[in-house]
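here is the input, now give the coordinates:
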Amino acid sequence: FHSFTISLFHHFTLSPFHNMDKPIDYIALSIPIFFLLIGLELLISRLKHTQLYRFNDAITNISCGIGQQVIGVFLKTFTVLGYVFIYQNYRLIPNMPQNALTWVLLFIGVDFFYYWFHRLAHEINVLWGSHVVHHQSEEYNLSVALRQSWVQSVFSSLFYLPLAYIGFSPVLFVTIAAFQTLYQFWIHTRIINKMPAWFEYIFNTPSHHRVHHGVNPIYIDRNHGGTLIIFDRIFGTFQTEQEAVVYGITVQPKSWNPLWLNLDYWVHLWNEFWQMQTWGNRWHLLFGNPGWHPADVLVPQHEFNAANYHKYDTTISPQINYYILGQYTLILGGATVFLFSADAYSLVIRVLLAVLIIWAIVNCGALFENKTWATPAEIARLLGTALAVYFITAASLVGLLLVVLFALGSIIWLLAVRKNYQTNN
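Modelled structure (predicted):
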């Protein structure tokens, strides 16, 4: 069954511009551009003496994005399978013409159904659980665009099935959906104030999307558009940017651990589900608004504004930050190689590599939080990664010696900076 679904995915997601045996991952190809623009925004921030980035927050944002892409290697087959099945068996238009009008109509259709997924993901608890990760950051910069839930595609893919029923091919759908996602990268910035009025009226912009990320009462559940903002204007969810935006969510998870950030809301929902006294309340909890509680349950209400808001933060030594930066550079490189070469490995190897990548980004979060288990977990990861690289690449004894020396060097570096920090504190 797995090989059957893989072949279906490959057959129906060939690039319309290239004759290839596997789909082009436009988002993965854009990774260098993402980091180039993040670097440019960081430079502008320094030149203007504005603090748009915090190291721990930015690394956590990127870690969530890495996890989403790594998990997506296993999910993408199944998220597109329903679309392919409906297109093959039930499409209304057997031979949709492949012209500019079809592309424009599909673009509007993708953005329309994205709007409804995005809106309902803010209005229905179980869907909010699949999206909340993107809103957890208390900063607003280009790295936040990379902060994505690891399971959102499982839920969002269901909303696009009507496009398959109409008859838009999976080839065009995958392409348009990728570019619709890529558009949303640049709007996660405070560097750009306003675009020209005509552009602001039609398209989603940094100003509109800053509103969407705000927890200010006037901003909550507003501006759900992806590329276009016109659906918010039509369906009554549009809000202009007025007061200073407070970013984040109403109840912060207070963690730099990307795995926990993806699990936190689900654990919270699970616990609340069983605390409800009736099944009616339990179902209302799942499918009602986030934050819903029975009338007899008192829940503290928070009013957020820029003057009284305090961001979550932790303090570690600059030396530990340098260690994390050094390891993270290698993690990024390894994750990128994995994304582009995953199909070349067996399922077992893909799972092993995915576990190592997730383990690495979890350890970075633990180091930021100064967890007691962070050091032994990182030592185990370094040794495990060295052995995994040796066996997967079938390296020579010299290769084994090099990866072991790197692991031991990293362990010595880690122990030295951790000891120095604990001594000084």
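
does Phe74 sit in a helix, a strand or a coil?
Classification of Phe74 by DSSP: H, G, I helix; E, B strand; the rest coil places it in helix.

make sure it is actually in contact with Asp343.
No - in this structure Phe74 lies outside contact range of Asp343 using Cβ atoms under 8 Å: 11.9 Å. C-beta here means a position set from N, CA and C on the backbone, and glycine is covered the same way.

what are the buried residues along the regular element (helix or strand) spanning Tyr114?
Element membership of Tyr114 [criterion: DSSP states H and E] is helix 100-123. By neighbour count on 16 or more other Cβ atoms under 10 Å, the buried set for helix 100-123 is 102, 106-107, 109-115, 117-123.

who's in contact with that helix?
Residues from elsewhere that reach helix 100-123 (Cβ atoms under 8 Å, 6 or more residues apart in numbering): 96, 127-128, 130-131, 152, 155-156, 159-160, 162-163, 166, 168, 172-173, 176-177, 180, 221, 224-228, 231-232, 235, 237, 289-290.

and after it, which helix or strand comes next?
That would be, after helix 100-123 and using DSSP H and E, helix 125-129.

distance between that next one and the chain's centre?
In this view, helix 125-129 has its centroid 15 Å away from the chain centroid, taken as Cα atoms, centre = their mean, to the nearest Å.

list the residues that contact the residue nearest to the spatial centre of the chain.
For the chain, the residue lying nearest the average C-alpha position, counting by Cα atoms, centre = their mean, turns out to be Gln148 (1.3 Å). By Cβ under 8 Å, 6+ apart, the contact list for Gln148 reads 64-65, 68, 133-134.

and which of those residues is nearest to Val351?
Gln68 (16.7 Å; Cβ to Cβ).

so what's that closest one up against?
148-150, 152.

let's see the pLDDT reported for it.
For Gln68, the model assigns a pLDDT of 95.

ok, now how distant is it from Asp313?
Going from Gln68 to Asp313 by Cβ to Cβ, to the nearest Å gives 24 Å.

next: Tyr115.
Taking Cβ to Cβ, one finds Tyr115 at 34 Å from Asp313.

do the same with Ile358
Distance from Ile358 to Asp313, by Cβ to Cβ: 24 Å.

ok, these two, which is more surrounded?
Using other Cβ atoms under 10 Å as the criterion, Ile358 and Asp313 rank with Ile358 on top: 19 against 12.

can you tell me the helix or strand for the closest residue to the more buried one other than its chain neighbours?
Sequence neighbours aside, Gly67 is the residue nearest to Ile358 in space, at 6.0 Å (criterion: Cβ to Cβ, 6 or more residues apart in numbering). Gly67 is part of helix 55-90, with elements assigned from DSSP H and E.

and that helix, how far out from the chain middle?
In terms of Cα atoms, centre = their mean, the centre of helix 55-90 is found 9 Å from the chain centre.

which residues touch Ala374?
363, 366-367.

what about 10 Å?
320, 362-368, 414, 418 (Cβ atoms under 10 Å, 6 or more residues apart in numbering).

over to Gln239?
Gln239 neighbours (Cβ under 10 Å, 6+ apart): 208, 211-212, 214, 216, 218-223, 232.

cool, and Ala377?
359, 362-363, 366-367, 371.

give me that answer again for 6 Å
Asn363 (Cβ atoms under 6 Å, 6 or more residues apart in numbering).

secondary structure element holding it?
Per DSSP H and E, Ala377 falls inside helix 374-393.

kindly provide the distance from the closest residue in space to Ile66 that isn't next to it in sequence to Asn257.
Spatial nearest neighbour of Ile66, chain neighbours left out: Ala335 (5.0 Å); criterion: Cβ to Cβ, 6+ apart. Distance check for Ala335 against Asn257: by Cβ to Cβ, it reads 17 Å.

the two: which is more packed in?
Using other Cβ under 10 Å, the more surrounded residue of Ala335 and Asn257 is Ala335, with 26 against 21.

for stretch 81-98, C-alpha coordinates in CSV please.
This file holds the C-alpha atoms of stretch 81-98, laid out as CSV (Å, rounded to 0.1, in the frame of the first residue of the first chain):
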residue,chain,number,x,y,z
LEU,A,81,-4.1,10.8,-1.8
GLY,A,82,-7.7,12.0,-1.2
TYR,A,83,-7.3,14.7,-3.8
VAL,A,84,-5.9,12.3,-6.3
PHE,A,85,-8.7,9.7,-5.6
ILE,A,86,-11.5,12.2,-6.1
TYR,A,87,-9.8,13.7,-9.2
GLN,A,88,-9.4,10.3,-10.8
ASN,A,89,-12.9,9.0,-10.1
TYR,A,90,-15.4,11.8,-9.5
ARG,A,91,-14.2,15.0,-11.2
LEU,A,92,-17.0,17.0,-13.0
ILE,A,93,-14.8,18.4,-15.8
PRO,A,94,-12.9,15.4,-17.4
ASN,A,95,-10.5,17.6,-19.4
MET,A,96,-9.9,20.9,-17.7
PRO,A,97,-8.2,23.2,-20.3
GLN,A,98,-4.6,24.0,-19.3
